[in-house]
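Participant: need a 3D model of the sequence below.
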Amino acid sequence: MSLSVDTGKIHPAQREFSANLRMLCSYYRSVADVCRKLNLNRAQFNRYLNGTSKPSSHTLERICDFFGVEPSEIYLPREHFHQIVQVRPKQRVERAVFSDHIARLQHQTTGKFDKYLGYYYEYYHSMSAPGKVLRGLVHIFQHENAVYHERLERFPQHANLDETYKCKYVGGTFYLNDRIFLVDYESLTGNEIAQTVLFPTYKNKVARLSGLMLGVSSSNQRSIACARVVFEFLGKSIDVRKAMRLCGLFDPKDGEIDPTILKVIDNSPHKDQNHFYTIPL
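Facilitator: Alright, predicted model coming up:
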């Protein structure tokens with residue numbers, strides 16, 4: 001599509017806006033890439049680029065926020081505007097590159113998570129309460145062609161077992177070369193990033209998934225720990241409050257946790273293994 005237009009009929013400020021917008025787009029792979037990241041219609045965006053249309057205040061805010069400039073700046077004469085942003089090109093190129101990495105991983109995941117979407121109980125030996133098994137709630141969901149997850153955990157307060165505190169992890173979920181990756185951070189305190197890698201299932205229906213989790217304990221020592229983990233599928237839609245009431249820390253000897261799960265999450269060293277492995281279920 002040609003972007004040429006009779007610039008004599010365009011207001012000078014609008015002409016500068018269009019030129020500045022084209023310059024900002026040049027830091028990305030293509031105009032289509034910018035439209036996709038901004039979730040804007042390509043034909044309408046082209047009208048902004050050739051000066052035949054002016055974005056609404058809301059859309060202008062979105063565009064400027066995406067490029068990291070102020071609405072008052074983007075209408076400046078192009079020479080002045082270029083002077084303002086020329087110290088930022090490296091940042092902008094890096095921003096585009098990093099964004100492209102995530103977009104590529106999300107694209108590789110597209111269509112591979114349909115049967116895995118839903119709620120799970122997660123089980124692993126607690127990194128903060130040695131000897132206890134933690135049961136948490138995980139929700140894997142899709143949003144705007146990408147897959148994300150939330151992990152919710154609850155613990156009794158040390159001084160009062162009737163009171164609990166919660167951890168909420170949020171992050172991205174990827175299916176890469178026949179493995180499931182969950183990368184998240186603790187959103188309430190912002191003091192931890194964790195990664196879980198799971199084996200997929202080759203059955204029609206998801207029941208349990210096994211893997212490894214790497215994270216940091218919430219104790220004062222903040223020890224780095226790796227634990228075997230099991231995800232137990234609950235369904236696409238559940239009573240979340242009821243499910244959360246069943247989460248917490250459990251003594252593996254009290255009979256609350258299925259013995260077959262306890263066997264898989266046992267962190268004892270396996271014979272003749274030099275690394276920490278788990279096996280698919």
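Participant: specify the next element, helix or strand, located C-terminal of the helix or strand bottoming out on mean pLDDT in the chain.
Facilitator: Least confident helix or strand, the chain: helix 89-109 with a mean of 68, by mean pLDDT, DSSP states H and E. Beyond helix 89-109 in the direction of the C-terminus, DSSP states H and E gives the next helix or strand as strand 118-125.
Participant: for that next one, packing partners?
Facilitator: strand 133-143, strand 224-235, helix 240-245, helix 259-265 (3 or more CB pairs under 8 Å, 6 or more residues apart in numbering; DSSP states H and E). The C-beta positions use only the backbone N, C-alpha and C, and glycine is treated the same way.
Participant: give me the buried stretch members for the longest one, please.
Facilitator: Same thing as strand 224-235. For strand 224-235, a neighbour-count test (16 or more other CB atoms under 10 Å) marks 225, 227-234 as buried.
Participant: ok, now stretch 36-54?
Facilitator: 40, 45-51.
Participant: and of these, the nearest to residue 190?
Facilitator: Nearest to residue 190 among those: residue 40, at 31.0 Å, using CB to CB.
Participant: so what's residue 6 scoring on pLDDT?
Facilitator: Here the pLDDT value assigned to residue 6 is 48.
Participant: repeat for residue 193
Facilitator: Per the predicted model, pLDDT is 91 at residue 193.
Participant: the closest residue to it other than its chain neighbours: neighbouring residues, count only.
Facilitator: Nearest non-adjacent residue to residue 193, counting by CB to CB, 6 or more residues apart in numbering: residue 185, 4.8 Å away. The tally of other residues near residue 185 (other CB atoms under 10 Å) stands at 15.
Participant: got the residue ranges for the helices in this structure?
Facilitator: In the chain, the segments counted as helices under DSSP state H are 12-25, 31-38, 42-50, 57-67, 71-74, 78-85, 89-109, 240-245, 259-265.
Participant: this completes my enquiry, with thanks.
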